[in-house]
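> Provided below for reference: sequence and predicted model.
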Amino acid sequence: MLSKTNAVVLCFGALIGGSVLADHDPAKLSKMLKTDGPLPENRPKIAHVNMGGTIAWKAPSPLLYFNYTGHERYTPAEIVNLVPEVRRIADIQIVEAPPEGIDQVDMPKAAKIIMAELARPDVVGAVVPTGTWALEEVAYFLHLTVKSDKPVVVTGSQRPPNTYSSDAHANYYNAVRLAIDPQAKGKGVLVLLNDEINSARDVTKSAISRLQTFRSREFGPLGSTDADQVVFYRAPMRKHTYMNEFDIARYTSIKDLPRVDIVHGCRGCDDALIKAAVAAGAKGIVVATMGDGWLPEIETALKDAAKSGVVVVRSSRVGENRVTPWHRYDGVFVSGDNLLPQKARLLLALALTKTNDVNQVQKFFDEY
């Protein structure tokens with residue numbers, strides 16, 4: 001459980017309303033640090049949809065920041081109770097799920113559960129704790145499929161809650177703060193870690209184990225959860241959530257969607273992986289190319305795949321800027337814009353549930 005000392009530190013770092021640090025009002029400070037007694041009435045309801053991850057693991061030692069899986073887990077209720085202050089700002093509705101959480105592979109299942117919760121008029125938003133290694137993919141899939149303008153905030157932690165300097169407590173508390181904030185409505189799925197608000201479309205994990213890992217490299221965060229208030233500076237411009245046109249009703253796992261493989265481009269590589277993808281039944285291939293979608297050595301094999309009906313997307317392994325359309329590829333390959341390969345794979349898989357026409361798929365990549 002969170003110690004009283006840590007609870008005080010957390011409150012100082014993540015309070016809503018007026019800044020206690022700014023006015024040092026003893027009465028206000030005492031009220032905000034209060035964790036016992038009757039809970040406030042009419043708190044906004046937030047759905048807690050558990051998808052596991054580091055935030056739910058108990059490390060066997062407070063110094064063990066890695067290799068902690070396989071030990072005990074926190075239940076969703078225990079995760080909420082790690083930050084008792086969170087129940088004073090929101091009525092957390094824990095959604096029934098397996099003890100280990102909804103598997104990240106089951107993104108369509110998670111999206112449908114979230115939509116069902118958000119359809120309740122008394123629920124104002126959802127918080128989705130999950131593992132950070134594939135967090136950006138989970139968040140982007142939800143961004144593309146959840147048909148609601150209510151806030152969905154995906155969070156996690158780099159360190160288990162019972163380790164020294166864990167980010168779990170602040171991340172969870174701030175995710176709830178963000179989900180209940182009216183400004184978050186209509187902005188699609190948001191990712192909240194390390195006080196920063198990022199769009200699910202733009203964000204990526206940039207460091208394996210450091211706390212400052214989730215970044216929107218090219219454009220920066222949308223805003224932040226500061227000590228005194230939630231602040232936004234920009235909003236997503238592409239289609240998302242309530243604007244989406246994808247129907248996932250008959251899917252449970254991303255494995256149920258049309259198969260899309262990712263092939264890495266490099267100098268000296270041959271067409272073996274492309275042929276293997278086609279032979280395995282891939283309906284789409286995303287190429288993590290060099291630079292601006294350059295396809296030396298493998299262009300012929302990709303064109304052959306396209307002629308056989310496989311939709312090919314030119315993405316880039318660089319990580320910033322958009323892959324521009326090349327005239328010689330018009331009607332042959334799709335330009336993946338600035339989506340990272342792992343996100344282009346998800347959008348292509350969803351697009352293929354509607355069409356395999358290259359020009360129509362290109363329109364999805366231009367709009368989402």
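Thanks, I have the structure now. Numbering: from 1, shown residues only.
> Low-confidence ranges, the stretch 251-368 of the chain, go.
Nowhere does the stretch 251-368 of the chain drop to pLDDT under 70.
> quick one, domains of this protein?
What automatic domain parsing lists as the domains of the chain is 4-243, 258-367.
> and the first one, how far out from the chain's middle?
Taking the mean C-alpha point of domain 4-243 and that of its whole chain, the gap between them comes to 11 Å (C-alpha atoms, centre = their mean, to the nearest Å).
> Do me a favour and average the pLDDT over that domain.
The average of the pLDDT scores along domain 4-243 is 89.
> quick one: the helices in the stretch 51-200 of the chain?
76-81, 86-89, 107-118, 135-145, 168-179 (DSSP state H, counting those that start in this stretch).
> Now render the ones you listed as a markdown table, adding mean neighbour count and distance to Val323.
From N, CA and C alone the C-beta is placed, and that goes for glycine too. As requested, those are exported to a markdown table (neighbours: other C-beta atoms under 10 Å; distance: least, C-beta to C-beta, whole Å):
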| stretch | mean neighbour count | distance to Val323 |
| --- | --- | --- |
| helix 76-81 | 17 | 39 |
| helix 86-89 | 18 | 41 |
| helix 107-118 | 21 | 24 |
| helix 135-145 | 27 | 17 |
| helix 168-179 | 26 | 31 |
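> Can you say which of the ones you listed is nearest to Arg201?
helix 135-145 (6.0 Å; C-beta to C-beta).
> Helix 107-118 and the closest one, what's the angle between them?
60 degrees (axes from the mean of the first three to the mean of the last three C-alpha atoms, to 10 degrees).
> show me where the stretch 251-368 of the chain has helices.
Secondary structure of the stretch 251-368 of the chain by DSSP H, counting those that start in this stretch: the helices cover 272-279, 299-307, 341-351, 358-367.
> Can you say which of the ones you listed is nearest to Tyr172?
Counting by C-beta to C-beta, Tyr172 lies closest to helix 341-351 out of the helices of the stretch 251-368 of the chain; the figure is 24.7 Å.
> now for that closest one, which elements pack on it?
With contacts taken as 3 or more C-beta pairs under 8 Å, 6 or more residues apart in numbering; DSSP states H and E, helix 341-351 sits against helix 135-145, strand 260-264, strand 284-289, strand 311-316, helix 358-367.
> and if we set it to 6 Å?
Contacts defined by 3 or more C-beta pairs under 6 Å, 6 or more residues apart in numbering; DSSP states H and E place helix 341-351 against helix 135-145, strand 260-264, strand 284-289, strand 311-316.
> Columns distance to Ile102 on top of the ones you listed, output as TSV?
Conversion of those to TSV gives the following (distance: least, C-beta to C-beta, whole Å):
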stretch	distance to Ile102
helix 135-145	9
strand 260-264	21
strand 284-289	25
strand 311-316	27
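> Thr355 and Gln362: what is the separation?
Between Thr355 and Gln362 the computed distance is 11 Å (C-beta to C-beta, to the nearest Å).
> So which of the two has more stuff around it?
For Thr355 versus Gln362, neighbours defined as other C-beta atoms under 10 Å are more numerous around Gln362 (21 against 13).
> so what's that one up against?
Val334 (C-beta atoms under 6 Å, 6 or more residues apart in numbering).
> give the contact list for the residue nearest the centre of the chain.
Among the residues of the chain, Ala139 comes closest to the average C-alpha position under C-alpha atoms, centre = their mean, at 2.4 Å. Contacts for Ala139 (C-beta under 6 Å, 6+ apart) come out as 154, 189, 191, 200.
> Would you map the strands across the stretch 101-250 of the chain?
In the stretch 101-250 of the chain, the strands defined using DSSP state E, counting those that start in this stretch lie at 123-129, 152-155, 189-193, 196-199, 204-205, 214-215, 223-225, 230-232.
> Ok, which of those comes nearest Ala288?
It is, among the strands of the stretch 101-250 of the chain and with distance given as C-beta to C-beta, strand 204-205, at 13.1 Å.
> tell me the most buried of the helices of the stretch 251-368 of the chain?
By mean neighbour count, with neighbours taken as mean count of other C-beta atoms under 10 Å, helix 341-351 ranks first of the helices of the stretch 251-368 of the chain at a mean of 24.
> okay, the angle between it and strand 311-316?
Calculated by the same axes, to 10 degrees, helix 341-351 forms an angle of 160 degrees with strand 311-316.
> how distant is helix 341-351 from the center of its chain?
On the basis of C-alpha atoms, centre = their mean, helix 341-351 sits 14 Å off its chain's mean C-alpha point.
> Can you give the contact residues for that helix?
Applying C-beta under 6 Å, 6+ apart, the set of residues contacting helix 341-351 from outside is 137, 140-141, 144, 246, 257-258, 260, 262, 284, 286, 288, 313, 315, 336, 361, 364, 368.
> Let's see that with 7 Å instead.
137, 140-141, 144, 246, 254, 257-258, 260, 262, 284, 286, 288, 311, 313, 315, 336, 339, 361, 364-365, 368 (C-beta atoms under 7 Å, 6 or more residues apart in numbering).
> just the CA coordinates of it, formatted as CSV?
Provided in CSV are the C-alpha atoms of helix 341-351 (Å, rounded to 0.1, in the frame of the first residue of the first chain):
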residue,chain,number,x,y,z
PRO,A,341,5.0,0.7,-39.3
GLN,A,342,3.3,-0.9,-36.4
LYS,A,343,0.5,1.6,-36.5
ALA,A,344,0.2,1.5,-40.3
ARG,A,345,-0.3,-2.2,-39.9
LEU,A,346,-3.4,-1.7,-37.7
LEU,A,347,-4.9,0.9,-40.0
LEU,A,348,-4.3,-1.3,-43.1
ALA,A,349,-5.9,-4.3,-41.4
LEU,A,350,-9.0,-2.3,-40.6
ALA,A,351,-9.1,-0.7,-44.1
